[in-house]
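Novice: Sharing a model prediction with you, sequence too.
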Amino acid sequence: MEARAGRFPGPSLIPELQAIQSRLGCLPRAELVALARRMRRPLYEIEGLVSFYPHFRTEASPKVALHACRDLSCWLAGSAPGLTDGYGPDVEVREVSCLGRCDTAPAIAVNEHPARAAAALVAAASEGTLGAAHSRVG
Ligand code: FES
């Protein structure tokens, strides 16, 4: 809200955060502090961005991350029950806000690959074969 009000002028921090996460797999606090100093932006602005967007992580990512949308379109389409059941402890299951796939609700994403059915993608991610072949599922 403060950014919209012009309190945080300057370039978007999203590309910087994505670059750190691509390089390290997550956003460690020391990197956020360094980014705040380098960009001369308040740390709480950066922490606000990190906590708002579900794809930003402050801890190392699991091998398989299954994100299920819990917002209105997906809820109306019958999301959650059964979509994320039955996976082992090596699969992180999280409910997240809109994944931008409302047109194919209920929406899920496996390791940030959008999908309508999780099982095949979770298996591919567990085997380390989730890649370009699965990038246009859904
Ligand atoms: S409400 Fe679920 S993807 Fe938009």
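Specialist: Structure received.

Novice: Make sure Arg29 is actually in contact with Glu59.
Specialist: No. Using CB atoms under 8 Å, Arg29 is not in contact with Glu59, being 10.5 Å away. Every C-beta, even on glycine, is put in place using the N, C-alpha and C of the backbone.

Novice: Is Leu66 part of a helix or strand, or is it coil?
Specialist: strand (DSSP: H, G, I helix; E, B strand; the rest coil).

Novice: Please name the bridge partners of it.
Specialist: Listed by DSSP bridges, the beta-bridge partners for Leu66 are Val93, Val110.

Novice: do you know how far it is from Asp103?
Specialist: Taking CB to CB, to the nearest Å as the measure, Leu66 falls 20 Å from Asp103.

Novice: neighbour-wise, which of the two wins?
Specialist: Leu66 (21 against 8; other CB atoms under 10 Å).

Novice: doesn't Val96 make contact with that one?
Specialist: No. With contact defined as CB under 8 Å, Leu66 does not reach Val96; the gap is 10.0 Å.

Novice: who in this structure is up against the ligand?
Specialist: Neighbours of the ligand within the chain, by CB under 6 Å from any ligand atom: 69, 71-74, 98-99, 101-102, 105, 107.

Novice: how about a cut-off of 8 Å?
Specialist: With CB under 8 Å from any ligand atom as the criterion, the chain meets the ligand at residues 69-75, 77, 79, 97-102, 104-107.

Novice: If you count neighbours, what's buried in the one helix or strand Gln18 maps to?
Specialist: Per DSSP states H and E, Gln18 falls inside helix 14-24. Buried residues in helix 14-24, counted by 16 or more other CB atoms under 10 Å: 16-17, 20-21.

Novice: Determine the set of other helices and strands touching that helix.
Specialist: When contacts are defined as 3 or more CB pairs under 8 Å, 6 or more residues apart in numbering; DSSP states H and E, helix 14-24 sits against helix 29-39, helix 43-52.
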